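Participant: Let's see this in three dimensions:
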Amino acid sequence: MKQSLPIKKIAQYSRSAKQRKIDNTTILDGLHVVQEAFSRGNKKNLTKILVSTKGESNHEIMDFLNSVPKDKYEHVSDRVMEKIAPTKTPPGILGLYSIPKSPTTLHTEIDNILLLDRVADPGNLGTIIRCAAAMGTQAIFSSPGCADIWSPKVLRAAQGAHFYIEIFPQFELRNIKKLFDGRIIGTCLDESAQSLYKTDLTSKTGIVLGNEGAGINLKEFKQYGDEKIYIPMSNKFESINVAISASICLSEKKRQNL
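Facilitator: Sure, this is the predicted structure:
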């Protein structure tokens, strides 16, 4: 099939946040993420699917492409795929996806949100999004200073979870009360914090998780936060990975609401 897309430009989407922002386009890396975008996302936003010779030898990929309009995908060589893919060993299928516009309002029925304060590692951010979607979180707000929430690395780590949840990127967390009237609970090691397991999470709630090294910005949190909690730990451990913290907090909220 004849190529109609500029390969150099596509390669930039893999590596340049600036170029993704200019063209409002990102890369979906791998079959599962592309499938989720096609089935759960806006089909119009999935502008093109690229499949390599390697991908065409994969039965799962070809079964999926049989359900996709033929004008939606193009063939590229394995060599081209290696140039444009964000990973060293490309899976054989990529998608070009128009980044959705950031929402400006929150649906009134949303009562379970997550706020991320400068979470910098793309792997952590993607894992948190995946966990949040699995635990029933309805919206995620990522502050300036967070990793690019629509980057290929974050999308790959989230494995399609972006298409199950409302996403508010580059959101100033201090403005959350303008959109959400529930309690805002921050995770931290402050002396005034109470145990996660002694905190009622059954009401309309937003949980705040902070930067891998610095935690949440407590000075700013005072402007919008209502309560502070900590995760009890053994063996004098003071902290754990932020993605693991997210899974513990969100799992406890899910348990309390069962």
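Participant: So which other helices or strands are in contact with the helix or strand harbouring residue 22?
Facilitator: Per DSSP states H and E, residue 22 falls inside helix 17-23. Applying 3 or more CB pairs under 8 Å, 6 or more residues apart in numbering; DSSP states H and E, we find helix 17-23 packed against helix 7-15. Every residue, glycine included, has its C-beta placed from N, CA and C.
Participant: what's the spacing between the nearest residue to residue 87 once chain neighbours are set aside and residue 55?
Facilitator: Nearest residue to residue 87, sequence neighbours excluded (CB to CB, 6 or more residues apart in numbering): residue 29, at 6.1 Å. Look at residue 29 and residue 55: by CB to CB, to the nearest Å, they are 12 Å apart.
Participant: quick one: contacts for the closest residue to residue 130 other than its chain neighbours?
Facilitator: Closest residue to residue 130 apart from its sequence neighbours, by CB to CB, 6+ apart: residue 161 at 4.3 Å. Residues counted as contacts of residue 161 (CB atoms under 8 Å, 6 or more residues apart in numbering) are 36, 126, 129-130, 132-134.
Participant: got the phi/psi numbers for residue 161?
Facilitator: Per-residue torsions, residue 161: phi -70, psi -20 (degrees, to the nearest 10).
Participant: residues contacting residue 121?
Facilitator: Per CB under 8 Å, 6+ apart, neighbours of residue 121: 147, 212, 242.
Participant: Name the spans of the chain whose pLDDT lies under the cut-off.
Facilitator: 1-5 (pLDDT under 70).
Participant: Just the closest of the contacts of residue 161 to residue 68, please.
Facilitator: residue 36 (13.4 Å; CB to CB).
Participant: The closest one: neighbour count?
Facilitator: Counted with other CB atoms under 10 Å, the neighbours of residue 36 add up to 20.
Participant: Equivalent analysis for residue 104, please.
Facilitator: 7.
Participant: Would you mind giving the domain segments of the protein?
Facilitator: Domains of the chain are assigned by automatic domain parsing as 7-98, 112-257.
Participant: what about those, which gets the closest to residue 104?
Facilitator: By CB to CB (comparing all of those), the closest turns out to be domain 112-257, at 8.7 Å.
Participant: what about that closest one, start to end distance?
Facilitator: 11 Å (CA to CA, to the nearest Å).
Participant: picking up where we left off before, turn the domains of the chain into TSV, including distance to residue 104.
Facilitator: Listed next are those as TSV, based on distance: least, CB to CB, whole Å:
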stretch	distance to residue 104
domain 7-98	17
domain 112-257	9
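Participant: Out of those, which is closest to residue 105?
Facilitator: domain 112-257 (6.8 Å).
Participant: How many residues are close by residue 128?
Facilitator: Residues lying near residue 128 (other CB under 10 Å) number 29.
Participant: my bad, residue 47
Facilitator: 13.
Participant: before we move on, what about the one 3 residues further on?
Facilitator: Other residues within reach of residue 50 by the criterion other CB under 10 Å amount to 26.
Participant: Strands of this structure, residue ranges please.
Facilitator: With DSSP state E as the criterion, the chain has strands at 25-29, 46-52, 73-76, 93-98, 112-117, 139-142, 166-168, 183-187, 194-195, 205-210, 227-230.
Participant: can you put those in TSV and add distance to residue 253?
Facilitator: Putting these into TSV (distance: least, CB to CB, whole Å) gives the following:
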stretch	distance to residue 253
strand 25-29	29
strand 46-52	32
strand 73-76	40
strand 93-98	30
strand 112-117	7
strand 139-142	14
strand 166-168	17
strand 183-187	9
strand 194-195	14
strand 205-210	7
strand 227-230	11
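Participant: just to revisit the earlier point, highest neighbour count among the contacts of residue 121?
Facilitator: Going by other CB under 10 Å, residue 242 tops the contacts of residue 121 with 24 neighbours.
Participant: which one of the contacts of residue 121 is nearest residue 141?
Facilitator: Of all those, residue 141 sits closest to residue 147, with 14.0 Å by CB to CB.
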